[in-house]
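[1] any chance you can model this:
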Amino acid sequence: MPAASASLSAPWGIAVDSAGDVLFTDYQGHTLDILAASTRTAYRASLTAGNVSVVAGIPGQLGCGEGPGTAARFTHPAAIALDAAGDVDIADSLCERVAQLSAN
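    I've put the predicted structure just below:
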């Protein structure tokens, strides 16, 4: 959805990747979201420039589970960081783990 109309519960951790995308956790929405800088496929999701998309988790659904994209589950994802390969590390606070989302 266009960034101006995106509905977020509690945006928290933030990082910018090498393509200029802004990735952020939605702490109370239990997702990892992205504001895409360009239209393409990345993080196993189809991205549209200027839109906010969920790339991991399902809004409002709590859980502690690994998996790609919407198969992942978080319970209050907080901080995020990008590693040298461009993968995203997500600190999932109540699950007491660090999940990783591949850039490819």
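
[2] convert the helix or strand harbouring V98 to CSV, retaining C-alpha atoms only.
    Using DSSP states H and E, V98 falls within strand 97-101. Taking C-alpha atoms only, strand 97-101 is exported to CSV below (Å, rounded to 0.1, in the frame of the first residue of the first chain):
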residue,chain,number,x,y,z
ARG,A,97,15.7,-15.2,19.6
VAL,A,98,17.2,-13.5,16.6
ALA,A,99,15.5,-14.5,13.3
GLN,A,100,17.1,-14.0,9.9
LEU,A,101,15.5,-13.0,6.6
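
[3] give me the residue at the spatial middle of the chain.
    L32 (2.0 Å; Cα atoms, centre = their mean).

[4] what is the mean pLDDT for the strand holding V98?
    Strand 97-101 carries an average pLDDT of 93.

[5] buried residues in it?
    99, 101 (16 or more other Cβ atoms under 10 Å). Where C-beta positions appear, they are placed from N, C-alpha and C, glycine not excepted.

[6] per-residue confidence at F74?
    So, for F74, pLDDT stands at 96.

[7] now do the contacts for it.
    F74 is in contact with 25, 30-32, 56-57, 62-64, 90, 92, 95, 99, counting by Cβ atoms under 8 Å, 6 or more residues apart in numbering.

[8] can we see that at 7 Å?
    F74 makes contact with 30-31, 57, 92, 95, according to Cβ atoms under 7 Å, 6 or more residues apart in numbering.

[9] export those as CSV, with columns for neighbour count, secondary structure and distance to L47.
    Formatted as CSV, the contacts of F74 follow (neighbours: other Cβ atoms under 10 Å; DSSP: H, G, I helix; E, B strand; the rest coil; distance: Cβ to Cβ, whole Å):
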residue, neighbour count, secondary structure, distance to L47
H30, 26, coil, 20
T31, 26, strand, 15
G57, 30, coil, 16
D92, 24, strand, 23
C95, 18, coil, 26
